[in-house]
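Peer 1: Test case, fold it:
(2 chains)
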Amino acid sequence: MKKLSFKNSLLLISALVAFSLIASMGFGVVELGHKAVWQCITQTCEKSIYETILWEIRFPRVLLGFIAGFGLAIAGALMQNVTRNPLADPYLFGIVSGAGLGATLTQFLPTTVQVITLPIASFLGSLLAVGIILIVIYQNNWRRIEHLLLAGVAVSFLLSSLTSFILYSGEAFSTNRVIFWLMGSLARANSTALLWISPVIIVATIIAILLGRQLDALLLSDDSARTLGIKVEKLRIITLILCAAITAVIVSYCGGIGFIGLMIPHMVRPFVGITSSKLFIAAGLVGGCFLVWVDVIARTALGGQEIPIGVITSAMGSLFFLALLRKM
Amino acid sequence: MSSFVLQANSLTWRVNEKHILSDINLHIKAGETVAIVGPNGAGKTSLLKCLYGEYSNFLGDIYLNGKSLKTFNIKDIAKKIAVVSQHSESAFNLTVLDIVAMGLIPHKGLFDTNTDVDRHNIEQALTKVDLINKKNQIFSTLSGGEQQRVLIARAIVQAPDILIMDEPTNHLDMYYQHQILMLAKTLNITLLITIHDLNLAAQYCDRIIMLNNGKLVADDTPEAVFTSSKLTEVFKLECAIDKNPFTQSTRITFSGINHCVNDESAWLHS
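Peer 2: Sure, this is the predicted structure:
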């Protein structure tokens, strides 16, 4: 089979994005039908209730799904290229465990402020995780890339154990709320969430693409990158901070949505190659579509009841992980 | 301006108070092909790493085109010096083209894209190393000799004044060893090569720098450096010197361990 050029791959992916964004809005508890959705987009809605459902409920949710999937896939591609490890994922770095700890600690605050503080607390928790890793690695002089991965796994377990202890000794209602949040959901979609998440993802994506050429230098080895004039340690810190910002901001609103960062870059590499900028763009777009459709499954599979989105991505992701290991 | 492209004055490099390199003085002229030889642990790779700026915490001075190396930033060094070193396997399927294009990195800023001239230079480099037909192949699937040629093509795209090669003939068969060194010579730039095969060094290099225990013990033409007494002193093996009948370059033949001149290998006979 002849390989598609990057331009053609991008055209194909863009068509998939347009189709996914429009078609996914037809699914939900209230069946609008694709004809009605198309009519709402191109002319005016048949009924005013459709207008409310489509533009005030479905559209923000689909858009949030797309942006979150886009960000998580780019963060995964960044982590994999910068560590030269095909199994790296932003979630390996304790970012979700940090967010979980932050969310868990909010139960000690008065109930009235918890809705506002939950995203902020989880964001701070994510930053705490990355902060600990950076301090450990900095003191270790960034000697080996494996240390970064090991520090991530250790911090992840440390923060998870703290969370588990607090949940174990905590009050049942708060515990349930935090556990449900940790499973991930796009139900929180509203303009505040979009305004909070979108700028971070857009800025981080632009920086990642601009750094693409430098990140390519790392793909062979650190020594090789240095001989090409790359400040390897500085580049790695910048990349790690970018990943942390992308993941933390998504996790703080959407909870734990695992494995997208691991899976999507592997899915797009055969089509667009492994050089960073092309990979980031393609992974982002495919990641966005992927989460949009997973959310369709989440909100329609069980009729009126929503399945936490992280449950689906984790199930699919872990199977993908195992298939990947068999291939490696 | 100095006539030397690369110069080291009293270069000393220590790790935890252990001297890896002691008081090295060397001068490389433009266009020369210089081999750095010596036993394992003599400090060859460490010397190279100091010369191309990987280690900056050395004592003494290194000058690149007459300017102290410490005044250059890492990117400017990469514009002047390309390095072909022993590489590790990448976990990802990099293509030949991906790797050769890396040669552009030192010359590009954040907002620069590849121009038609860049693409032409990449094609030219691949033609020069005779890999244009394999440009879309996965790097790790190539033979050792082809992989070295890909890295040389990357160095050509990097357009440096000096090419440093760290043991470029390791793991290659006879044919490829000669092919790689011939190819490097045809680039007509200054070459600095660490190499274990002294016969290859004698055949392809204008000058030999010999290191032992971190000290420079000889710096002269192959004929002057490769003497029986000097080689026996450094490599602890008896040796015979004559001429390669094909090239008339110095030919060195070492004895086996049975003729070992020190006690280090006594345990082999016990």
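
Peer 1: all contacts plus neighbour counts: C-alpha atoms, from now on.
Peer 2: Fine.

Peer 1: give me the element the nearest residue to A:Thr163 once chain neighbours are set aside is part of.
Peer 2: Distances taken as C-alpha to C-alpha, 6 or more residues apart in numbering or on different chains place A:Leu101 nearest to A:Thr163, at 5.0 Å, with adjacent residues excluded. A:Leu101 is located in helix A:95-105, with elements delineated by DSSP states H and E.

Peer 1: If you count contacts, what does whatever helix or strand comes next after that helix end up packed against?
Peer 2: Using DSSP H and E, the helix or strand that follows helix A:95-105 in sequence is helix A:111-139. Helix A:111-139 is packed against helix A:95-105, helix A:145-169, helix A:232-254, with contacts defined by 3 or more C-alpha pairs under 8 Å, 6 or more residues apart in numbering or on different chains; DSSP states H and E.

Peer 1: mind listing what's buried in helix A:111-139?
Peer 2: By neighbour count on 16 or more other C-alpha atoms under 10 Å in any protein chain shown, the buried set for helix A:111-139 is A:114, A:117-130, A:133-134, A:136-137.

Peer 1: any idea how far that helix is from the chain center?
Peer 2: 16 Å (C-alpha atoms, centre = their mean, to the nearest Å).

Peer 1: where along chain B do the strands fall?
Peer 2: Under the criterion DSSP state E, strands of chain B are mapped to B:4-15, B:18-29, B:33-37, B:59-64, B:67-68, B:81-84, B:162-166, B:190-194, B:207-212, B:215-220, B:239-243, B:250-254.

Peer 1: Just give me the residue closest to the centre of chain A.
Peer 2: A:Leu72 (2.4 Å; C-alpha atoms, centre = their mean).

Peer 1: and the residue nearest to it when sequence neighbours are not counted, how many neighbours does it have?
Peer 2: Among residues not flanking A:Leu72 along the chain, A:Gly261 sits closest, at 5.1 Å (C-alpha to C-alpha, 6+ apart). Applying other C-alpha atoms under 10 Å in any protein chain shown, we find 31 residues neighbouring A:Gly261.

Peer 1: can you list the weak-confidence ranges in the stretch 151-270 of chain B?
Peer 2: Applying pLDDT under 70 to the stretch 151-270 of chain B flags the ranges B:258-265, B:267, B:269-270.

Peer 1: Need the contact partners of the helix holding A:Leu101.
Peer 2: Helix A:95-105 has contacts (C-alpha atoms under 8 Å, 6 or more residues apart in numbering or on different chains) with A:118-119, A:121-130, A:156-157, A:159-160, A:162-163, A:166-167, A:175, A:178, A:182, A:244, A:247-248, A:251-252, A:255-256.

Peer 1: what residues does the stretch 151-300 of chain A put near chain B?
Peer 2: A:210-211, A:213-214, A:216-217, A:219-221, A:224, A:226-231, A:273-275 (C-alpha under 8 Å from any C-alpha of the partner chain).

Peer 1: mind running it again at 6 Å?
Peer 2: A:210, A:220, A:227-229 (C-alpha under 6 Å from any C-alpha of the partner chain).

Peer 1: List just the nearest of those residues to B:Arg207.
Peer 2: Distance to B:Arg207 across these (C-alpha to C-alpha) is lowest for A:Thr227, with 24.4 Å.

Peer 1: and the residue of the stretch 151-300 of chain A found nearest chain B, helix, strand or coil?
Peer 2: Nearest residue of the stretch 151-300 of chain A to chain B (C-alpha to the nearest C-alpha) works out as A:Gly229 at 3.8 Å. Assigned with DSSP: H, G, I helix; E, B strand; the rest coil, A:Gly229 falls in the coil class.

Peer 1: tally of neighbours for the residue in chain B that chain A sits nearest to?
Peer 2: Using C-alpha to the nearest C-alpha, B:Lys75 is the residue of chain B that sits closest to chain A, at 3.8 Å. Look at B:Lys75: counted by other C-alpha under 10 Å, it has 19 neighbours.

Peer 1: Tell me who's in contact with it.
Peer 2: A:229, B:106 (C-alpha atoms under 6 Å, 6 or more residues apart in numbering or on different chains).

Peer 1: domain ranges for chain B?
Peer 2: Residue ranges for each domain of chain B read B:4-226, B:227-270, as given by automatic domain parsing.

Peer 1: now the first one, how far from the chain's geometric center?
Peer 2: Going by C-alpha atoms, centre = their mean, the spacing between the C-alpha centre of domain B:4-226 and its chain's C-alpha centre is 4 Å.

Peer 1: next one: stretch A:57-70
Peer 2: Relative to its chain's centre, stretch A:57-70 lies at 12 Å (C-alpha atoms, centre = their mean).

Peer 1: what's that stretch in contact with?
Peer 2: Under C-alpha under 6 Å, 6+ apart, the answer for stretch A:57-70 is A:25, A:189-190, A:250, A:284-285, A:287-289, A:291-292.

Peer 1: Could you identify the buried members of these?
Peer 2: For the contacts of stretch A:57-70, buried by 16+ other C-alpha under 10 Å: A:25, A:189-190, A:250, A:284-285, A:287-289, A:291-292.

Peer 1: Count the neighbours of the spatially closest residue to A:Ile120 that is not a sequence neighbour for me.
Peer 2: Using C-alpha to C-alpha, 6+ apart and skipping the chain neighbours, the partner closest in space to A:Ile120 is A:Ser252 (6.8 Å). Using other C-alpha under 10 Å, A:Ser252 has 29 neighbouring residues.

Peer 1: which ones are touching A:Ser252?
Peer 2: A:119, A:122-123.

Peer 1: Reformat these as CSV; add pLDDT.
Peer 2: Formatted as CSV, the contacts of A:Ser252 follow (pLDDT from 0 to 100):
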residue, pLDDT
A:Pro119, 75
A:Ser122, 81
A:Phe123, 82
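
Peer 1: could you redo these as CSV and give each row distance to B:Lys49?
Peer 2: Output for the contacts of A:Ser252, formatted as CSV (distance: C-alpha to C-alpha, whole Å):
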residue, distance to B:Lys49
A:Pro119, 48
A:Ser122, 44
A:Phe123, 42
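
Peer 1: ok, the residues you listed vs chain B, which is closest?
Peer 2: Lowest distance from chain B to the contacts of A:Ser252 (C-alpha to the nearest C-alpha) belongs to A:Phe123, with 29.5 Å.

Peer 1: Pull up the gap between B:Lys108 and A:Cys289, please.
Peer 2: 33 Å (C-alpha to C-alpha, to the nearest Å).

Peer 1: B:Glu54 too?
Peer 2: From B:Glu54 to A:Cys289 the distance is 43 Å (C-alpha to C-alpha).

Peer 1: Please apply the same query to B:Tyr52.
Peer 2: 46 Å.

Peer 1: which one is residue 118 nearest to, not counting chain neighbours?
Peer 2: You didn't pick a chain, so chain A it is. Using C-alpha to C-alpha, 6+ apart and skipping the chain neighbours, the partner closest in space to A:Leu118 is A:Ala103 (5.4 Å).

Peer 1: try chain B instead
Peer 2: Excluding its sequence neighbours, the residue lying closest to B:Asp118 (C-alpha to C-alpha, 6+ apart) is B:Leu104, at 7.6 Å.

Peer 1: Looking at the one you found now. What's its pLDDT?
Peer 2: B:Leu104 carries a pLDDT value of 96.

Peer 1: ok so, going back, closest to A:Leu21 out of the strands of chain B?
Peer 2: Using C-alpha to C-alpha, those put strand B:81-84 closest to A:Leu21, at 47.7 Å.

Peer 1: And for stretch A:226-239, what's in contact with it?
Peer 2: With C-alpha under 6 Å, 6+ apart, stretch A:226-239 has contacts from B:74-75, B:78, B:106.

Peer 1: ok, which stretches of the stretch 51-200 of chain B are helices?
Peer 2: Applying DSSP state H, counting those that start in this stretch to the stretch 51-200 of chain B gives helices spanning B:74-80, B:96-101, B:116-128, B:144-158, B:174-185, B:198-204.
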